[in-house]
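sequence and predicted structure, then a few things I'm wondering about:
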Amino acid sequence: MINVGIAGLGRQGMLHLMNCRHIDGIQVIAAADTSKKARGKAKILGVRNLYEDYNVMFKSHPNLDAVIMSVPNFLHLASIQSALESGFNVFTEKPLANNSEECRKIVSLVRKSGKKLMIGHNCRFYEMTKTMKHQLDNGFIGDLEVVTAEEVINGPFAHPYVPAPVSEWWFDPKKAGGGVLLDVGYHMIDLFRFFAGEARVRYSYLGHRLNLQVEDSAIIMLQSDSVGTKGIINVGWYERTIFPRFDFRVILHGNAGYSSSDELVPKNLYSYAAKEGVKNVLRRISGRKINPLRYTYFYEAYYKELSHFFECIRTDCDPSVSATDGLKTIEIIENAYQVAKEVPKDGKPS
Amino acid sequence: MGSPVSLVHCDPNSGSLASSIEKSVELIHFKPGKEVKTVVIKPNLNYYWETATGCTTDPRVVGALVDYLRETYGQDLTIRVVEADASAMRTKHVFPMLGYGRLAENKGIELFNLSTDNLKKEKVSVKGRNLEFEVPQSILTADLFINLPKLKTMRMTKITCAMKNIFGCIATPRKFVYHPVLEEAIVGINKIIKSHLTIVDGLVGLGRFPVKLDLIMASVDVFSVDWVAAQIMGINPRSIKFLRIAREENLGNPSGITTCGEELNRFKKQFPREGLIPQKLSWSLQFGLLHLYKKVSGDVIPPFLEEE
């Protein structure tokens, strides 16, 4: 049995808690959050030991095998450091930290501790990403010339059925570390790295449509170091979208063909949900294990990434997304912020 | 008795917004009851979504209204644009995000958070139900209080326009506490807070999807505005519960409501009607099925899709 603690019970932390309940051999024995309401929900979900402060949780439960960190960006370094020094394996939400200096510290702490750290790069765990990677690796696309990756959503300004306030730290550049580039762009850049390897920034434009102190749109052009594959990253926080509509796509353009996420994601998410839902009900009736969140298509990735992390602990393997992946992605983002300073506000290269 | 409601077509990009507002006000022969020195304008800024979504009042309309007011009542007017914090929205963020910060700088007007106003608890009875609201006092003392809502459909109340925008004046941020009695609360707050003039920003209307209507409406009576707005949105105003209650509480009367200016049908034809009953049923059905599925399969519902 792997004993798990969860730090942060916001929407994401709560989703991790619910997913843990479906992973064999996992027991969430403690959780921490400053919100009493969140702790109450966790109690209903069977977590017996609840704390306001994750440091108290770490000290009270030295027997934890792993912790899931789902805290605001500005707490990543401190919380990860505390968890590693307490001797726990760590699963953390992205970004690894707010800047490359903090990321390097974390990389070094992970090495020193000998523990495992995995970052929640959930986009890598989408079914469509797996298929695209398979197609690329097997020559279906040929040489990869260009990757386009875009996600334009409402970011922190999307709200669930019952609206809830946007956490104040999102509005504070020091605490958030950046805007949409760090939030959504992080995933798209990681996907580029996943398909094409390490990259440099060739062009970067940051938009401020919503008059925030951080960027609410970004268009970045990348070029991979090894084979020269180009990447066009387009991300935004400015679009009002309501799930299941999702303005997200990745296209791999090669000289032998192409692969597009639009052709791999189910065309009608409602009928897909119904089909997968029925399958799960039948699985449960016949006593088999269900596929959690399969019916949502996109949210299933959160279950899969967590399952992978725990499997790595069980089998003593390295997680597929390491602290170095987080560092490399942040370095590209910092590079993009730097390059953007050289681009005039109208977006045209000088 | 109802009041006339003017309907004026305008082109927001041609610089004629101020003259369209002037025309809409002239058509209803609006005259303020006293000398105007202070003006309070209440747009609808319910969330951080931009005006093109049809959710929030266009700052260009507010700017044009400010120009018209200064032209009409004098350049030394004190003008305040007000909004109260809401369950999920904070005015300190919404003003700069939606372009009101820049507007205030350009036009020399004040942006004000009603939740920080001098507040008074006011009790009111609607259909025998006692309600209490925290009422910002500065609205009540303004020489001219202008209600500047949007033209939108809404699942809970069918429409949201003039009367619902006054509900947004309640200082309590957690206004969802009124949701179980939303219709009564809308009527209740409208009994306390009365605007002198309503101007509707119908540049973009929101039904099944946003649509460019290029419409400005004006009236002195919130009930009359909502009655006509419902017709434009393809909804029978008699089927709207808060209008029914308002009528019973003598807050409005459909008899005598007239429209002037453009033909109502011109805008009604353009408006993307929303099947509110199927939509309401569809939402209930989706959530019902989701929870049933959770129970039967033991699967997870992402917190983002949960009802609360």
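Yep, it's here.

C-alpha from now on. contacts and neighbour counts both.
OK.

now the stretch 151-300 of chain B against chain A: closest residue?
Among the residues of the stretch 151-300 of chain B, B:Ser297 lies closest to chain A, at 4.8 Å counting by Cα to the nearest Cα.

residues contacting the closest residue in space to that residue that isn't next to it in sequence?
Nearest residue to B:Ser297 in three dimensions, chain neighbours excluded: A:Val281, at 4.8 Å (Cα to Cα, 6 or more residues apart in numbering or on different chains). If a contact means Cα atoms under 8 Å, 6 or more residues apart in numbering or on different chains, then A:Val281 has A:290, B:293, B:296-297 as its contacts.

and A:Tyr51, by the same measure?
A:30-34, A:39, A:57.

and for A:Leu136?
A:Leu136 makes contacts with A:142, A:144, A:195, as judged by Cα under 8 Å, 6+ apart.

what about the last one, which SS state?
Look at A:Phe195: counting by DSSP: H, G, I helix; E, B strand; the rest coil, its state is helix.

number of nearby residues for it?
Neighbour count for A:Phe195, taken as other Cα atoms under 10 Å in any protein chain shown: 19.

ok, it touching A:Gln135?
No: applying Cα atoms under 8 Å as the test, A:Phe195 and A:Gln135 come out as separate, 10.7 Å apart.

thinking again about what came up before, near chain B too, which of the contacts of A:Leu136?
Taking Cα under 8 Å from any Cα of the partner chain as the test, chain B is in contact with none of those.

export these to a markdown table and tack on pLDDT?
What follows is the contacts of A:Leu136, written out as a markdown table (pLDDT from 0 to 100):
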| residue | pLDDT |
| --- | --- |
| A:Gly142 | 97 |
| A:Leu144 | 97 |
| A:Phe195 | 97 |
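
in the stretch 51-200 of chain B, which residue sits nearest chain A?
Taking Cα to the nearest Cα, the stretch 51-200 of chain B has B:Ala88 as its residue nearest chain A, at 3.8 Å.

residues near the nearest residue to that residue once chain neighbours are set aside, how many?
Leaving aside its sequence neighbours, B:Ala88 sits nearest to A:Pro165 (Cα to Cα, 6+ apart; 3.8 Å). As a burial measure, A:Pro165 scores 14 neighbours (other Cα under 10 Å).

likewise for B:Gln137?
So B:Gln137, with other Cα under 10 Å, has 14 neighbours.

quick one: it from A:Met132, how far?
As judged by Cα to Cα, to the nearest Å, B:Gln137 and A:Met132 stand 61 Å apart.

kindly report the same for A:Met1.
As judged by Cα to Cα, A:Met1 and A:Met132 stand 35 Å apart.

between these two, who's got more neighbours?
More crowded of A:Met1 and A:Met132, by other Cα under 10 Å: A:Met132, with 22 against 9.

tell me who's in contact with the more buried one.
Residues counted as contacts of A:Met132 (Cα under 8 Å, 6+ apart) are A:252, A:259-261.

any idea which of those is closest to chain B?
A:Ser261 (22.4 Å).

settle this for me: the closest one is touching A:Glu127, isn't it.
No: using Cα under 8 Å, A:Ser261 makes no contact with A:Glu127, being 9.7 Å away.

those two: who's more crowded?
Counted by other Cα under 10 Å, A:Ser261 and A:Glu127 do not tie: A:Ser261 has more neighbours, with 19 against 16.

all helices of the stretch 201-308 of chain B, in order?
B:222-232, B:241-248, B:264-270, B:276-297 (DSSP state H, counting those that start in this stretch).

in chain A, what residue is nearest chain B?
Residue nearest to chain B within chain A (Cα to the nearest Cα): A:Pro165, separated by 3.8 Å.

check which helix or strand that residue maps to.
Assigned by DSSP states H and E, A:Pro165 belongs to no helix or strand.

again with A:Ile6
Using DSSP H and E, A:Ile6 falls in strand A:2-7.

what helices or strands is the helix or strand that that strand is followed by leaning on?
Proceeding N to C from strand A:2-7, the next assigned helix or strand is helix A:11-20, under DSSP H and E. Helices and strands touching helix A:11-20, by 3 or more Cα pairs under 8 Å, 6 or more residues apart in numbering or on different chains; DSSP states H and E, are strand A:2-7, strand A:26-32, strand A:66-69, helix A:300-315.
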